[in-house]
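Student: Here's my sequence, what's the structure:
(one chain, ligands or ions: 2)
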Amino acid sequence: MEKYVIKGGNVLEGEVSIAGAKNAALGILAAAVMTDEECIIENVPYVEDTKTLLRAIETIGAKVKYIDNHTVSICGGTIRTGEDVCVDDEYIRKIRASYYLLGALLGKYNYAQVALPGGCDIGLRPIDQHIKGFEALGAKVEIVNGGKVVAKADQLIGNHIYLDVVTVGATINIMMAAVLAEGKTTIENAAKEPHIVDVANFLNSMGANIKGAGTDVIRIRGVQKLRGTEYSIIPDQIEAGTFMTMAAATKGNVLIKNVIPKHLEAISSKLNEIGARVIEYDDAVRVMADGRFKATQIKTLPYPGFPTDMQPQMAVTLALSQGTSVITESIFENRFKYVSELSRMGARIKVEGNSAVITGVDGYTGANLVAPDLRAGAALVIAALAAEGFSTIDDIKYILRGYEDFDGKIRGLGGQIEVVDDERDVQKFKLRVG
Ligand SMILES: CC(=O)N[C@H]1[C@@H](OP(=O)(O)OP(=O)(O)OC[C@H]2O[C@@H](n3ccc(=O)[nH]c3=O)[C@H](O)[C@@H]2O)O[C@H](CO)[C@@H](O)[C@@H]1O
Ligand SMILES: C=C(OP(=O)(O)O)C(=O)O
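Tutor: Numbers count the residues shown, from 1 in each chain. Ligands and ions are numbered 1, 2, ... in the order given. Model (predicted):
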């Protein structure tokens, strides 16, 4: 099984270009099937989650073509629908975003049958708010044997929906189902993440009528039909944030290009607060760091708060600070799985309820590690790059779900990292890099 082998201690320097946003792409690729015409989508990140979703879209009959690695053509005119068509295979069950096909297919055909979503094991992750939204639009939703969600309606009718929790997935899913419903839908207490605005902009470019995305009230006026479009996805806020913390933790100097600095404000301000330096340009940020960081407090919150998807990467950086930091995880119950791995590298972190109390240490030492999930895995890579000596990281399949050419980009910044298959390759790497 593939793993990373890393020799830490190099200062990361240079430039890195950020891919399209995974979490926007997943919503947009699903939404593209809502028209029978061709949609051409640019800046699609070439990561395992988007490849899995595209494969699923293809298995229900859509025509999917990679024009190049980052440009995809989707034509939903040949999709099969009905009780014998279920979006369900061993891969689609593993990704979170399979749930977007529920909203998209229900909106278009008044019928959808999709396996219950998977995704990172970071908490319970119920879908009650998605179901509540579909039901408010007039659908009957059932979870049938084998973990399939079946949603059907004679006709979706717009309604007023108040979300009990701020949820990205339910906001996007209800928005998709509502664009072809009859009449007006209002989603209150909606999530405001940049990818919600991107999915709304994409749907509007297909002829939908969505207003207010990016605020907590989204108003949708149903339209008869959506048309084909050409659209380019926004840059990935979390990939950018990951490279920002990587530059900081390795005391580097990195220009992170193709970003929207506004989307990174929560991350930039925390890095500035602990003593790293973030300089913003129009579509890039530079992160520089030297010396020990100051400790701080962080609480994860829905956008524009500090993103939960950056919590592990920031923890790895704070564990190298002077003093005691506290990170409170308020979105998911089980997002501290990297702590035991990081302890093996010398970090001093204690988990108390939904907080991690981090006592800063001088540095990390390399260790053999296992990636517990996508962002925790990325955080361990950052720790290994900042550590003294060699580390290996197993289960990189999680990391590959959301980072395109992660090792290649790190090598481009002077990091010593390689993907290897077995222990012999680890030894070869050690001999080569010394
Ligand atoms: C594919 C994708 O875009 N994944 C992102 C999405 O996940 P996801 O869409 O699963 O996350 P949500 O924003 O929905 O979850 C936020 C909170 O709401 C709860 N909840 C959610 C739905 C629901 O029906 N009922 C309910 O109680 C969740 O358990 C969680 O505590 O947003 C998360 C929060 O920014 C990110 O960490 C994920 O990377
Ligand atoms: C948790 C994440 O992804 P997913 O919701 O797809 O599991 C993530 O991107 O950090």
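Student: Look at Gly118 and report its pLDDT.
Tutor: pLDDT, Gly118: 88.
Student: I should have written Val11 there, sorry.
Tutor: 97.
Student: pretty sure it contacts Thr250?
Tutor: Yes. Look at Val11 against Thr250 with CB atoms under 8 Å: they come within range, at 5.8 Å. For glycine as for every other residue, the C-beta is placed from the backbone atoms N, C-alpha and C.
Student: Please say which of those two ends up with more neighbours.
Tutor: More crowded of Val11 and Thr250, by other CB atoms under 10 Å: Thr250, with 26 against 17.
Student: can you pull the contacts of the nearest residue to that one once chain neighbours are set aside?
Tutor: Using CB to CB, 6 or more residues apart in numbering and skipping the chain neighbours, the partner closest in space to Thr250 is Leu12 (4.5 Å). For Leu12, the contact set (CB atoms under 8 Å, 6 or more residues apart in numbering) comprises 246-247, 250, 252-254, 385, 410, 413-415.
Student: and with 10 Å instead?
Tutor: 243, 246-254, 287, 382, 385-386, 410, 412-415 (CB atoms under 10 Å, 6 or more residues apart in numbering).
Student: Give me the buried entries from those residues.
Tutor: Buried members of the contacts of Leu12, counted by 16 or more other CB atoms under 10 Å: 243, 246-254, 287, 382, 385-386, 410, 413, 415.
Student: The residues you listed: which ones sit near ligand 1?
Tutor: When contact is defined as CB under 6 Å from any ligand atom, the buried ones among the contacts of Leu12 do not meet ligand 1 at all.
Student: Mind checking which of those are in helices?
Tutor: Among those, DSSP state H puts 243, 246-249, 382, 385-386, 410 in helices.
Student: Farthest-apart pair in those residues, please.
Tutor: Across those, no pair lies farther apart than Ala248 and Ile410, at 14.5 Å, counting by CB to CB.
Student: What count of nearby residues applies to the residue in the chain that ligand 1 sits nearest to?
Tutor: In the chain, no residue comes nearer to ligand 1 than Gly169, which is 2.7 Å away by CB to the nearest ligand atom. Residues lying near Gly169 (other CB under 10 Å) number 23.
Student: wait, isn't it in contact with Asp128?
Tutor: No. Judged on CB atoms under 10 Å, Gly169 makes no contact with Asp128 at a distance of 11.2 Å.
Student: count of neighbours near the residue in the chain positioned nearest to ligand 2?
Tutor: Closest approach between the chain and ligand 2, counting by CB to the nearest ligand atom: Gly119, at 2.8 Å. For Gly119, the tally of surrounding residues (other CB under 10 Å) stands at 19.
Student: residues in contact with the residue nearest to it when sequence neighbours are not counted?
Tutor: Of all residues not flanking Gly119 in the chain, Arg96 sits nearest, at 2.8 Å (CB to CB, 6+ apart). Going by CB under 10 Å, 6+ apart, Arg96 touches 23, 26, 49, 117-120, 122, 125, 127, 168-169, 401.
Student: go again using 7 Å as the cut-off
Tutor: Arg96 is in contact with 117-119, counting by CB atoms under 7 Å, 6 or more residues apart in numbering.
Student: Domain map for the protein?
Tutor: With domains defined by automatic domain parsing, the chain comprises 3-19+235-433, 22-222.
Student: Determine which of the ones you listed approaches Thr229 most closely.
Tutor: Thr229 lies closest to domain 22-222 among these, at 4.3 Å (CB to CB).
Student: Roughly how far does the nearest residue to Phe406 once chain neighbours are set aside sit from Lys63?
Tutor: Nearest residue to Phe406 in three dimensions, chain neighbours excluded: Ile399, at 6.0 Å (CB to CB, 6+ apart). Shown here: Ile399 relative to Lys63, a distance of 30 Å by CB to CB, to the nearest Å.
Student: Check Tyr4 too.
Tutor: 36 Å.
Student: Identify the residues contacting the residue nearest to Phe306 when sequence neighbours are not counted.
Tutor: Computed as CB to CB, 6+ apart, the closest residue to Phe306 that is not its neighbour in sequence is Ala266, at 4.5 Å. Counting by CB under 7 Å, 6+ apart, Ala266 touches 304-307.
Student: Swap in 10 Å and give it another go.
Tutor: Counting by CB under 10 Å, 6+ apart, Ala266 touches 237, 241, 298, 300-301, 303-307, 310, 314.
Student: Which of Ile399 and Lys63 has more residues huddled nearby?
Tutor: Neighbour count, other CB under 10 Å: between Ile399 and Lys63, Ile399 has more, with 25 against 14.
Student: I'd say Lys294 and Leu320 touch.
Tutor: No. In this structure, Lys294 is not within contact of Leu320 by CB under 10 Å, at 11.1 Å.
Student: What is the subsequent helix or strand relative to the strand or helix carrying Lys51?
Tutor: If you go by DSSP states H and E, Lys51 is part of helix 48-59. Once the chain leaves helix 48-59, the next helix or strand it forms, by DSSP H and E, is strand 63-68.
Student: Sheet partners, orientation included, of that following strand?
Tutor: Strand 63-68 sits in its sheet next to strand 71-75 (antiparallel), going by DSSP bridges.
Student: So which bits of the protein are right by ligand 2?
Tutor: Residues of the chain lying close to ligand 2 (CB under 6 Å from any ligand atom) are 23, 95-97, 119-120, 122, 309, 374-375, 402.
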